[in-house]
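Engineer: The sequence isn't on hand, but the structure is:
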């Protein structure tokens with residue numbers, strides 16, 4: 001892969017210690033690709049999402065075509081780097097066809113030749129790490145290992161694809177306190193090992209699950225997990241400084257899954273519970289990738305240093321991610337539609353731009369329950385409220 005970081009070593013730690021959670025190794029690529037090519041569930045899933053409107057009698061022909069095409073592509077893939085290079089054109093095409101503009105800021109100011117722990121807000125299951133990855137890849141930097149919950153790996157072929165793309169597994173299915181602690185310790189050790197021993201970048205979301213309400217808040221338990229591998233004799237701040245934590249703000253003008261999220265939030269508020277269907281995560285991934293996102297912006301901030309506790313680092317992440325979230329006309333329009341007082345904030349959008357955004361938001365929620373619409377608008381307005389909060393705090 002593009003970019004090469006310095007080689008770091010830690011005595012006594014090997015990838016064999018992380019068999020249950022690690023990504024695919026180069027030596028396993030051929031075997032994994034063979035499984036994928038010959039798995040009918042992969043072809044059936046592609047047909048379901050891409051060719052659902054085609055006559056059903058064509059499905060066997062489409063499946064045969066897909067299998068032959070995958071076999072042809074697989075011949076040139078010998079290792080994980082080859083796989084990522086093969087996927088790159090599809091990511092480029094996704095950005096070109098589903099975004100109006102894709103921009104990046106801050107990356108040029110930071111040293112990413114050394115291994116970094118990128119912690120970002122979480123809005124989209126697949127695209128948040130993909131956009132961070134693409135930002136690095138297109139500038140010739142090494143790509144990231146991606147933390148992904150085992151709840152998304154219910155089918156073997158999904159696990160194979162994710163792990164081929166340098167994803168490692170976060171065990172969210174642990175039940176007892178002992179199981180959860182063991183899983184957290186292993187994850188903490190693996191992240192430290194990847195950064196310090198193998199010189200690999202890591203990406204992890206600031207919280208488990210997407211910020212469906214638009215409020216990008218870090219769970220301090222995430223930082224506590226990262227510190228579980230800290231030697232007893234080492235200061236907390238020194239250990240976290242070693243991890244080279246870089247906050248990343250990912251901003252979407254429009255969220256392809258906004259209405260799905262709004263309906264879920266409304267259901268939770270009304271009934272106190274929301275039962276997720278088996279295929280819902282896969283459908284959200286597909287909709288997030290293929291749906292129109294308008295403008296997307298990714299901002300990389302300077303590494304966070306000298307946090308004395310998990311809560312302090314979580315607060316530093318919140319400030320950075322919310323402060324550097326790029327507001328779009330959709331955010332300001334939603335705030336105005338909810339009668340949120342913007343004071344004298346200079347958002348820089350014209351009346352025409354805001355009216356267009358309001359029309360877009362109305363079209364996205366046409367015919368929907370008013371309470372659900374309110375959830376959708378609040379989702380878009382939340383970054384505005386957070387931005388104003390930080391501006392006010394900075395003025396005091």
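Structural biologist: In hand now; what should we look at? Note that the structure is predicted; figures quoted are calculated from it, not measured.
Engineer: Would you state the helices of the stretch 151-300 of the chain in chain order?
Structural biologist: In chain order, the stretch 151-300 of the chain shows helices spanning 156-164, 177-196, 220-226, 236-243, 258-271, 280-290, with DSSP state H, counting those that start in this stretch as the criterion.
Engineer: Which one of those helices lies nearest to residue 129?
Structural biologist: Each of the helices of the stretch 151-300 of the chain was checked against residue 129 via C-beta to C-beta, and the shortest separation belongs to helix 156-164, namely 10.2 Å. In short, each C-beta sits where N, CA and C put it, glycine included.
Engineer: Give the buried residues for the closest one.
Structural biologist: Of the residues in helix 156-164, those buried by neighbour count under the rule 16 or more other C-beta atoms under 10 Å are 157-164.
Engineer: quick one, the lowest-mean-pLDDT helix or strand in the chain and helix 280-290 angle?
Structural biologist: Within the chain, no helix or strand scores below helix 40-50, which has a mean of 83 by mean pLDDT, DSSP states H and E. For helix 40-50 and helix 280-290, the angle between their directions (axes from the mean of the first three to the mean of the last three C-alpha atoms, to 10 degrees) works out to 60 degrees.
Engineer: Give me the angle between helix 40-50 and helix 156-164.
Structural biologist: Following the same axes, to 10 degrees, one obtains 90 degrees for the angle between helix 40-50 and helix 156-164.
Engineer: if I pick the residue nearest to residue 368 when sequence neighbours are not counted, what's in contact with it?
Structural biologist: Counting by C-beta to C-beta, 6 or more residues apart in numbering, the nearest residue to residue 368 once its immediate chain neighbours are dropped is residue 259, at 6.9 Å. Under the criterion of C-beta atoms under 8 Å, 6 or more residues apart in numbering, the neighbours of residue 259 are 364-365, 368, 372, 376.
Engineer: nearest to residue 17, of those residues?
Structural biologist: Distance ranking of these against residue 17, using C-beta to C-beta, places residue 376 first at 45.0 Å.
Engineer: farthest pair in the contacts of residue 259?
Structural biologist: 364 and 372 (11.1 Å).
Engineer: mind checking how far residue 126 is from residue 154?
Structural biologist: When C-beta to C-beta, to the nearest Å is applied, the distance between residue 126 and residue 154 equals 15 Å.
Engineer: Give me the more crowded residue out of those two.
Structural biologist: Looking at residue 126 and residue 154 with other C-beta atoms under 10 Å, you find the greater number of neighbours at residue 126, namely 19 against 12.
Engineer: Please determine how far that one is located from residue 307.
Structural biologist: Computed with C-beta to C-beta, the distance linking residue 126 and residue 307 is 29 Å.
Engineer: Same question for residue 54.
Structural biologist: Shown here: residue 54 relative to residue 307, a distance of 54 Å by C-beta to C-beta.
Engineer: cool, residue 145 as well?
Structural biologist: Taken as C-beta to C-beta, the spacing of residue 145 relative to residue 307 amounts to 23 Å.
Engineer: Look at the two and report which has more neighbours.
Structural biologist: residue 145 (24 against 19).
Engineer: Show me what the least confident helix or strand of the chain is packed against.
Structural biologist: Secondary-structure packing of helix 40-50 (3 or more C-beta pairs under 8 Å, 6 or more residues apart in numbering; DSSP states H and E): helix 59-74, helix 156-164, helix 280-290.
Engineer: Need the ones you listed in a markdown table (columns: mean pLDDT and distance to residue 149).
Structural biologist: Converted to a markdown table, the helices and strands packed on helix 40-50 look like this (pLDDT from 0 to 100; distance: least, C-beta to C-beta, whole Å):
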| stretch | mean pLDDT | distance to residue 149 |
| --- | --- | --- |
| helix 59-74 | 89 | 26 |
| helix 156-164 | 90 | 10 |
| helix 280-290 | 87 | 9 |
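Engineer: So which of the ones you listed is nearest residue 241?
Structural biologist: When these are compared by C-beta to C-beta, helix 156-164 sits nearest residue 241, at 29.9 Å.
Engineer: residues in contact with the closest one?
Structural biologist: When contacts are taken as C-beta under 8 Å, 6+ apart, the neighbours of helix 156-164 outside the stretch itself are 22-24, 29, 32-33, 35-36, 39, 41-42, 45, 80, 83, 146, 148, 152-153, 169, 282.
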